[in-house]
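Peer 1: show me how the following folds:
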Amino acid sequence: MTNPLAAYLATLERALRSLPAEERASIIAEIRSHIEDSMAASGKPIEDVLDSLGDPLELASAYLDQRKLEDAVVRSAHGTLLIAILEQAGRSLVAALLGFFALFFYLCMVAFAAMAVLKPIIPQLVGLWWGPHIFAFAILEKAPTGGQELLGYAIIPVAIVLGVGSFLAGRALTRVGGRLLLRKTQVLG
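Peer 2: This is a model prediction of the structure:
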């Protein structure tokens, strides 16, 4: 007959093999201690305590997600952090909202950068138009009929400022979002 605790911990350790050995050992020790404390406090058999922890593969996945989020927050790797936030979007409304708005701001940054670059190349299609049947701050497919282009080449610095602002807003959202999610995803905490 196999020892259920040993089997559970062995499965957990295998699933955590991508982590450094010291960190893996720390997690295994933490889980072992948690199981032993739970058994002592509740008087429940080992099988019930293990069932309450859930599948060891899912527990390992939670630890790996937490580690990825911690690394991204510490390194301020905003691309990695955005991906980590979006990966958690299915499990958290906060992650979904933060990920959506951060992604929105990063996409706005790209659009504004494109406007600044494309204005000298295709000036008749990039601009801010205002008129009786048009309002557009955009890169258009064809030159608009009617309306007046308001900014001309002044749109370049405006687009740059808006692009930088969008980048900073997206970056702030990923940083704040990463820290919030990190607090929410503490495994066994």
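Peer 1: for the longest helix along the chain, packing partners?
Peer 2: Scanning the chain for the helix with the most residues, using DSSP state H, yields helix 155-184. For helix 155-184, the contact count by 3 or more Cβ pairs under 8 Å, 6 or more residues apart in numbering; DSSP states H and E identifies helix 56-75, helix 78-87, helix 93-118, strand 126-131 as packing neighbours. In this view, the C-beta of every residue, glycine as well, is placed from N, C-alpha and C.
Peer 1: give the buried residues for it.
Peer 2: Judged by neighbour count using 16 or more other Cβ atoms under 10 Å, the buried positions of helix 155-184 are 155-156, 159, 162-163, 166-167, 169-171, 173-175, 177-178, 181-182.
Peer 1: just stretch 8-22 next, same as before
Peer 2: 8-9, 12-13, 15-16, 19.
Peer 1: in TSV: the helices and strands packed on helix 155-184, plus mean pLDDT, mean neighbour count and distance to Leu150.
Peer 2: Output for these, formatted as TSV (pLDDT from 0 to 100; neighbours: other Cβ atoms under 10 Å; distance: least, Cβ to Cβ, whole Å):
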stretch	mean pLDDT	mean neighbour count	distance to Leu150
helix 56-75	81	17	41
helix 78-87	80	20	33
helix 93-118	93	17	14
strand 126-131	91	19	5
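Peer 1: so which of those is nearest Ala40?
Peer 2: Closest approach to Ala40 among these (Cβ to Cβ): helix 56-75, 20.3 Å.
Peer 1: contacts for that closest one?
Peer 2: With contact meaning Cβ atoms under 8 Å, 6 or more residues apart in numbering, helix 56-75 is reached by 8-9, 11-12, 15-16, 18-19, 23, 27, 31, 53, 77, 80-81, 84, 87-88, 175, 178-179, 181-182, 185-187.
Peer 1: same thing but at 7 Å, please
Peer 2: The contact list for helix 56-75 (Cβ atoms under 7 Å, 6 or more residues apart in numbering) reads 8, 11-12, 15-16, 18-19, 27, 53, 80-81, 84, 88, 178-179, 181-182, 185, 187.
Peer 1: look at the residue lying closest to Ala116 once chain neighbours are set aside and report its pLDDT.
Peer 2: In space, and not counting its chain neighbours, Ala116 is closest to Ala159: 4.1 Å by Cβ to Cβ, 6 or more residues apart in numbering. Looking at Ala159, its pLDDT stands at 96.
Peer 1: the one 3 residues further on too?
Peer 2: If you check Leu162, the pLDDT there is 97.
Peer 1: could you measure from it over to Ala102?
Peer 2: Note on Leu162: its distance to Ala102, by Cβ to Cβ, to the nearest Å, is 16 Å.
Peer 1: also Leu82?
Peer 2: Remark: distance between Leu82 and Ala102 (Cβ to Cβ) = 6 Å.
Peer 1: repeat for Leu180
Peer 2: Taken as Cβ to Cβ, the span from Leu180 to Ala102 is 12 Å.
Peer 1: all set, thanks.
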